[in-house]
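K.L.:
Build me a structure from this.
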Amino acid sequence: MAGTEGANEGAEPNPRAKLMQEVADEMDSIETEFGDAYQIGRVILVAEVLRPNDEVGLRIRAGQFPWVTIGMLEAAKKTIEVQMIGGGGA
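P.N.:
All right, here's what the predicted structure looks like:
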C-alpha cells in the first residue's frame, strides 16, 4: 500500500496486525477518494512473507478466475507506471 515501503523496518510487529493495518489504511484512502458512493469489487492480495532464515515468500490470493486476476494485475502495473511517469504516488 502507498507510503509504507520500509516503514518500521527492523521492528517485528504482529504479522496479523500489520496486514490488518494495511487494509485499514487502504479503506481510508478509498473512502477519501470515493466518499460513500462505491462498492468494493474484486480484491487481489499480494503479500511478501519474510522468514527468520532469510527466505522470502510471495502470497497471492485472488477470488476470481485466473485470467481475470492476470488482467487486474496488468491494469495495476500500467496504473503504477503512469503514476511513476507523472510523479504521482501509488
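K.L.:
how's this protein carved up into domains?
P.N.:
What automatic domain parsing lists as the domains of the chain is 1-40, 42-90.
K.L.:
buried residues in the first one?
P.N.:
Taking 16 or more other C-beta atoms under 10 Å as the neighbour-count basis, domain 1-40 is seen to contain no buried residue. From N, CA and C alone the C-beta is placed, and that goes for glycine too.
K.L.:
as a whole number, average confidence for that domain?
P.N.:
Taken as a whole, domain 1-40 has a mean pLDDT of 82.
K.L.:
Adjust the sequence numbering to begin at 27 for everything that follows.
P.N.:
Done: numbering now begins at 27, and the last item shifts to domain 27-66.
K.L.:
all helices for this protein, in order.
P.N.:
For the chain, the helices defined by DSSP state H occupy 41-60, 92-112.
K.L.:
May I see those helices organised as CSV, with distance to I86 added?
P.N.:
Below are the helices of the chain laid out as CSV (distance: least, C-beta to C-beta, whole Å):
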stretch, distance to I86
helix 41-60, 14
helix 92-112, 8
